[in-house]
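> quick one, fold the following:
(chains A and B)
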Amino acid sequence: MNLEFTAEENAFRDEVRAFISDNYPAQLADFGMREDMSPEDMVAWHKVLGEKGWSVPAWPSEYGGTDWTPTQRYIWSEENARINAFMPLPFGVSMVGPVIYTFGNDEQKAQHLPGIRSGDVWWCQGYSEPGAGSDLASLKTTAVRDGDHYVINGQKTWTTLAQYADWGFFLCRTDPDAPKPQQGISFILVDMKTLGVEVRPIKLIDGGYEVNETWLTDVRVPVENLVGEENKGWTYAKFLLAHERSGIAGVARSKRGVEKLREIAGAEMLHGEPLINDFDFARKVSQLEIDLAALEITELRTLAGEQQGKGPGPESSILKIKGTEIQQRLTELTLEAVGPYGAPQYASISGEGSNEYPIGPEHAHHAASTYFNMRKTSIYGGSNEIQRNIITKMILGL
Amino acid sequence: MDFNFTEEQAMVRDGLSRLVREQYDWETRRSVVDSESGWRPEVWAQLAELGILGMPFSEADGGFGGGAVDAMVVMEEFGQGLVVEPFVPTVVCAGGFLKHSGTQAQKEEHIGGIVDGSRVFAFAYAEPQGRYDLADLTTTAKKDGDAYVLNGHKAVVVGAPWATHLVLTARTSGKQRDRDGISVFIIDKNADGVVCRDYPTVDGRRASEVYFENVAMSSDALIGEEGAALPVIERVVDEAIAAQCAEACGAMKVAHKMTVEYSRQRKQFGVPIGSFQVLQHRMVDMFTECEQSVSMSYLATLKLDASETERKRAVSAAKVRVGQAAQFVGQEAIQIHGGMGMTDELAIGSYFKRLTIFDSEFGNVDHHMKRHIGLNGG
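Below is the predicted model:
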């Protein structure tokens, strides 16, 4: 048992660090996710990685994966987190991509995988509905066979960044009479330009518009767009959610976040001293760091298991729960650190490049909106309560 | 990176697991804890026979060449069975001082006895006024020619009633809380002037208040350099903490398992209480706390040979995190057992008590949180 990296792993770290520093788009450095980001910004790094052949490291090599070991993938995510890189969006790379190469046919693989790898095709996820959130299997959107087409009718919600999407993957009910709600659902790919698809942005509490309502009215989709077998979509949906959970801990990003928090708390003053010297505040930061250390080792143990051929099991639910709690705590403490300058609504104050005198320190500008935004993390991807249900069933056996 | 146990470690674990299962069942443990002596020298002899007591010593010193990971494996099994025998004071603490600062003669004098089970140690470091400050010492060892004269009072010396020898900290110079001027000695517990007041602890072990009244110590009782022992004391205490974190992990795992099992059996409102989501989620949180603790126990153990700062940060982080988890898992286990959890009849109460006292040994959550903050450099 040891925590050391091998010489090869250290050489790999040097290689990817050099590549990132030479190729990461300069205007996005240490930028992270922000509500004022353009769609071009969001895919900029993805496109560079696509050309390098590093956009889908976890995929099997026959589909363009890098054959990196889980440890190498961990190093890759750490190195990207060091500069707070904006990584390829998950909807193609870690959601529909693995479903297509695992369950799709050759035509679907040929049609869709290259665009996912290159970042040229933008995907969105049509799962949740107004009446089907945690109880996803109660979804009502229907796909009715009509000759060579399915005709889809229904309403999806929380479709993230659908306003920019070229394609979407949708869960639709194809057999309304199936004995259980999980049966009778199909996994269908939809060209978002098809007549009858309407995307309406939802304004969120952080002021941004990252999610949408997606209305589908008599949308005609060729039957070739069905992935796998009709009525087996729930199996693919569950496969996808387990895949989604495995990267969700966000350890590397949170480590960078703690460093940033220390910088901010070193600049903010209290009683003439840096805030970080205040015992009450320092204690909260240390607690966060300690919790993060525990999560990091837990993730490494899971990775080591994967390296020995164990897939991401129900333990990945722990990573989701603790990872998102820590991400949220980080944004809470950042907002706490900036004090009164958490209050101004920066989105409605003259933007950068204006001649007006800026209000408050730069590090305060996104503290509140990021805190508001990150409340989503314990809700999405199977809420943290659903993760507890999964552990109850799969590990406790209750 | 590697999280695998070696074949030998896996064998030790399986062997100990069998020993704990066969000889440390709940009823047996209870009768031992209630007996006059409170432990079983025959179990100690068996541990010696199995090579457990010699595992962390080098082959040159008469041991089997193991290390901290081996001690972790042992302690997790001991935690599962709430084994009371003094492995940490004897093997980890006394053994640690001998390994890090013993002379060849001192190693020869003591390690053989540890390995064969004939020498049992207790570690007398705490004092009534010192709380968790290892340097806050009023016990003094005054130089008297070639020898020393020892006076003082050591608090809650776990395992002392069973010990043949004591490893102790004393001030050879300086003021009460100075970092300099601290030394470590090994003495025979039967030496003239050593007075012990023995008592049971709430978690089923035995301890003593130890008083030194003009105890004469020869110069070869001194382990390591005179007056410069604090860094070694901190290191040995960190090693003991890592071992006890593993013990707590073992105890937490069993407490969690017992709770899940109980929730399956116990019916209310016509159904097993384990079918209630409010209890399921609490048991999931207990499971998560166990897993995070195992991770921290690995981290502390694997950082014991790192630089001093890195080691202290990892060990303090582990003591904080495992301390918090131990309290949470213990309390939740009792709550979910309901009234039965309050009775002395069920084993769960003993796990709760051991997990409670874990926090107050070698520095509690607050103490290690402060050390962690201090190591961040501001």
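
> pLDDT value on whichever residue of chain B sits closest to chain A, please?
Closest contact between chain B and chain A, by Cβ to the nearest Cβ, is at B:Ser295 (3.5 Å). Placement of C-beta: from N, CA and C, glycine included. Note on B:Ser295: pLDDT of 97.

> in a strand, it, correct?
No - under DSSP: H, G, I helix; E, B strand; the rest coil, B:Ser295 sits outside any strand and is assigned helix.

> quick one: contacts for it?
A:293-298, A:301 (Cβ atoms under 8 Å, 6 or more residues apart in numbering or on different chains).

> what about 10 Å?
B:Ser295 is in contact with A:293-301, B:3, B:249, B:318, B:321-322, counting by Cβ atoms under 10 Å, 6 or more residues apart in numbering or on different chains.

> what does A:Gly313 give?
A:242, A:246, A:302, A:305-306, A:394-395.

> can you narrow these to ones near chain B?
Checking the contacts of A:Gly313 against chain B by Cβ under 10 Å from any Cβ of the partner chain, the ones in range are A:302, A:305, A:395.

> what does stretch B:341-354 rub up against?
For stretch B:341-354, using Cβ under 10 Å, 6+ apart, the contacting residues are B:25-27, B:29-30, B:33, B:79-80, B:82, B:84, B:201-205, B:247-248, B:250-256, B:258-259, B:262, B:326-327, B:329-337, B:340.

> any regions of the chain where pLDDT drops low?
By default, I'm working from chain A. A:31-36, A:243-247, A:311-312, A:350-356 (pLDDT under 70).

> chain B is the one I meant
For chain B (pLDDT under 70), the answer is B:377-378.

> and for residue 79, the neighbour number?
Defaulting to chain A. A:Glu79: 21 surrounding residues under other Cβ atoms under 10 Å in any protein chain shown.

> oops, chain B please
B:Gly79, neighbours per other Cβ under 10 Å, totals 28.

> so for stretch B:222-239, what gets flagged as buried?
B:222-224, B:226-230, B:232-239 (16 or more other Cβ atoms under 10 Å in any protein chain shown).

> quick check, nearest of the contacts of B:Ser295 to A:Ile188?
Among the contacts of B:Ser295, A:Glu299 lies closest to A:Ile188 (Cβ to Cβ), at 33.6 Å.

> residues contacting the closest one?
With Cβ under 10 Å, 6+ apart, A:Glu299 has these contacts: A:70, A:74, A:246-247, A:249-252, A:315-316, A:318-319, A:322-323, B:295.

> which element, helix or strand, includes it?
helix A:279-307 (DSSP states H and E).

> the residue nearest in space to the middle of chain A and A:Thr157, how far apart?
Residue closest to the average C-alpha location in chain A (Cα atoms, centre = their mean): A:Pro90, at 5.2 Å. Separation of A:Pro90 from A:Thr157 (Cβ to Cβ, to the nearest Å): 18 Å.

> the helix or strand containing B:Val237 vs chain A: in contact?
Assessed by DSSP H and E, B:Val237 sits inside helix B:230-265. Yes - using Cβ under 10 Å from any Cβ, helix B:230-265 reaches chain A at B:256-257, B:259-260, B:263-264.

> list the contacts for residue 233?
If you meant another chain, say so; for now it's chain A. A:99, A:103, A:139, A:143, A:169-174, A:182-188, A:226-227.

> nope, chain B
Contacts of B:Ile233 by Cβ under 10 Å, 6+ apart are B:93, B:96-97, B:100, B:123, B:125, B:134-135, B:169, B:182-184, B:224.

> same check on B:Lys257?
A:396, B:80, B:286-287, B:290, B:333.

> burial of B:His110, as a residue count?
When neighbours are defined as other Cβ under 10 Å, B:His110 has 22 of them.

> what helix or strand is it on?
Element membership for B:His110 (DSSP H and E) is helix B:104-116.

> buried sites along the helix holding A:Glu299?
A:281-282, A:284-306.

> contact partners for A:Phe170?
Applying Cβ under 10 Å, 6+ apart, the residues near A:Phe170 are A:124-127, A:139, A:141, A:143, A:150, A:152, A:154, A:156, A:159, A:186-190, A:197, A:214, A:216, A:219, A:221, A:225, A:233.

> in terms of secondary structure, what does the helix holding B:His110 contact?
helix B:41-49, helix B:95-101, strand B:121-124, strand B:165-171, strand B:182-188, strand B:222-223 (3 or more Cβ pairs under 10 Å, 6 or more residues apart in numbering or on different chains; DSSP states H and E).

> and if we set it to 6 Å?
helix B:95-101 (3 or more Cβ pairs under 6 Å, 6 or more residues apart in numbering or on different chains; DSSP states H and E).

> what does the helix it packs on rub up against?
B:107, B:110-111, B:114, B:167, B:184, B:223-224, B:232, B:236, B:239 (Cβ atoms under 6 Å, 6 or more residues apart in numbering or on different chains).

> out of these, flag the one nearest to A:Phe19.
B:Glu239 (41.2 Å).

> let me see the contact set for the closest one.
B:92, B:96, B:304.

> would you agree A:Phe187 falls within a helix?
No - counting by three-state DSSP, A:Phe187 is located in no helix; its state is strand.

> near chain B, which residues of chain A show up?
Contacts of chain A with chain B, taken as Cβ under 6 Å from any Cβ of the partner chain, map to A:1-3, A:71, A:282-283, A:286, A:290, A:293-294, A:297-298, A:301, A:304, A:318, A:388, A:391-392, A:396, A:398.

> which residue does the stretch 251-398 of chain A have closest to chain B?
Counting by Cβ to the nearest Cβ, the stretch 251-398 of chain A gets nearest to chain B through A:Ile297 (3.5 Å).

> can you give me the strands in the stretch 1-150 of chain A?
For the stretch 1-150 of chain A, applying DSSP state E, counting those that start in this stretch gives strands covering A:123-126, A:142-146, A:149-157.

> ok, and the closest non-adjacent residue to A:Leu319?
A:Ala249 (4.0 Å; Cβ to Cβ, 6 or more residues apart in numbering or on different chains).

> need the contact list for the residue of the stretch 51-200 of chain A found nearest chain B.
Closest to chain B within the stretch 51-200 of chain A is A:Thr71: 5.9 Å, counting by Cβ to the nearest Cβ. Going by Cβ under 6 Å, 6+ apart, A:Thr71 touches A:9, B:1.

> distance check, it against A:Pro57.
Taking Cβ to Cβ, one finds A:Thr71 at 12 Å from A:Pro57.

> can you check B:Ser350 too?
49 Å.

> okay, those two: which has more neighbours?
Higher neighbour count among B:Ser350 and A:Pro57: B:Ser350, with 20 against 17, using other Cβ under 10 Å.

> I'd like the distance from the helix or strand following the helix holding A:Glu299 to the chain centre, please.
Heading C-terminal from helix A:279-307, the first helix or strand you meet, by DSSP H and E, is helix A:316-338. In this view, helix A:316-338 has its centroid 15 Å away from the chain centroid, taken as Cα atoms, centre = their mean, to the nearest Å.

> for helix A:316-338, packing partners?
By 3+ Cβ pairs under 6 Å, 6+ apart, helix A:316-338 packs against helix A:233-246, helix A:251-267, helix A:279-307, helix A:367-374, helix A:384-391.

> for the residue lying closest to the residue of the stretch 251-398 of chain A closest to chain B once chain neighbours are set aside, give its distance to A:Leu3.
Nearest non-adjacent residue to A:Ile297, counting by Cβ to Cβ, 6+ apart: B:Ser295, 3.5 Å away. With the distance defined as Cβ to Cβ, B:Ser295 ends up 11 Å from A:Leu3.

> contact residues of chain B facing chain A?
B:1-3, B:69, B:260, B:274, B:280-281, B:283-284, B:288, B:291-292, B:295-296, B:298-299, B:302, B:317, B:320-321, B:369, B:372-373.

> try it again at 8 Å.
Counting by Cβ under 8 Å from any Cβ of the partner chain, the residues of chain B close to chain A are B:1-5, B:69, B:260, B:263-264, B:274-275, B:277, B:280-281, B:283-285, B:287-288, B:291-296, B:298-299, B:301-303, B:314, B:317, B:320-321, B:369, B:372-373, B:376, B:378.
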